[in-house]
Every structure is written in C-alpha cells, then in structure tokens.
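**Q** okay, here's the prediction I keep looking at, along with the sequence it came from:
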Amino acid sequence: MPKNTICLWFDRDAEAAARFYAATFPDSSVGAIHRAPSDYPAGKKGDVLTVEFTVAGIPCLGLNGGAAFRQDEAFSFQIATDDQEETDRYWNATIGHGGQESACGWCKDRWGISWQITPRVLTEAIAAGGEEARRAFEAMMTMRKIDVAAIEAARRG
C-alpha cells in the first residue's frame, strides 16, 4: 500500500464503485478486498470493509463505513480530457449510471463522488491569462458539460 492514499467513505458500495471506476477510467484497477473480521456498527463479520483501488493512477481506499457521512463537492477527482469525444465518454458514463450533472464541467456519480471532467483546452485557456482566459472562463460558466468547440471559439474571440 502506498504511503499516501485517498480514503473514500461509502455506505456499503465501495466494491461496486471501485469496479465502475476501473471499467470507466484508464490506468484504474481494483486491488485487494478486505472483509470485516467481526461485526461493526455498519456491517457484519465477512462484509466487505475496505477495497484498495486506483483511479487514473491515484491510489484510493474505499471504506464501507455506513451512512454516517456523505460525499460532497469539497472533494473531487479532476479528469483531464483531450477532446470532446473523451469528455463525452467520461461525462456520460458518470451521469449515465445514476449520477447527476452540475455546472462548469462538474458532475457526481451515483455514490456522490464529485468529478470535474475538464478538457485540456479549458485549462490551457485559463493558464494563458488575459482576455483569452476571461472569454473562456465566461463561456465555461454557462455550461454543464464542457463544450470543447465553444471554449476554442471563446479563446479565439
């Protein structure tokens, strides 16, 4: 196990979430699944307690801790995309399996984990600064899923 790992709290679906992420995002996989050695407040002996997994190269641990805590937008995965096709694929997979859209390239999966599906053209425009950044930023503020062509047009003015 890596020295630093992101721990994500789930009610009881850590394994299902890990398998979805592994099937959806490149450089993602499911590792060890650990079962509870005895009963605990959110489950019984033998239930899946933790799942080691990787999301786009980031090591994670899913903890089935029960309903005490919920995910919110204070934590999100940001996935950089190269074009509209890749943006659409990740966006549609995330919201199409029980997730929901938000604004400015953000969405949530069915477990409440927030995702920023962010085309590189947008981050490059913001990094450019000046009027180009302002135009791209203002265009992004009107969007749910990021429209690559609209961002490119905004960059050009």
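**A** Received the coordinates, thanks. Residues are numbered from 1 along each chain as shown.
**Q** can you give me the strands in this structure?
**A** 6-10, 29-35, 48-55, 58-64, 76-81, 100-101, 106-108, 114-119 (DSSP state E).
**Q** where do the domain boundaries of this protein fall?
**A** Taking automatic domain parsing as the domain assignment, the ranges for the chain are 1-69, 71-157.
**Q** my read is that Arg12 contacts Gly66, right?
**A** Yes. Look at Arg12 against Gly66 with C-beta atoms under 8 Å: they come within range, at 7.3 Å. Placement of C-beta: from N, CA and C, glycine included.
**Q** in TSV, list the strands of the chain along with mean neighbour count and distance to Gly157.
**A** What follows is the strands of the chain, written out as TSV (neighbours: other C-beta atoms under 10 Å; distance: least, C-beta to C-beta, whole Å):
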stretch	mean neighbour count	distance to Gly157
strand 6-10	18	39
strand 29-35	14	43
strand 48-55	21	36
strand 58-64	20	36
strand 76-81	17	23
strand 100-101	12	28
strand 106-108	20	26
strand 114-119	21	18
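**Q** of all the ones you listed, which lies closest to Arg19?
**A** Ranking the strands of the chain by proximity to Arg19 (C-beta to C-beta) places strand 29-35 first, at 5.8 Å.
**Q** what residues are up against the residue most central in space within the chain?
**A** The structure's the chain has its C-alpha centroid closest to Trp115; by C-alpha atoms, centre = their mean the separation is 3.3 Å. Trp115 is in contact with Ser76, Phe77, Gln78, Ile79, Tyr90, Thr94, Trp106, Cys107, Lys108, Asp109, counting by C-beta atoms under 8 Å, 6 or more residues apart in numbering.
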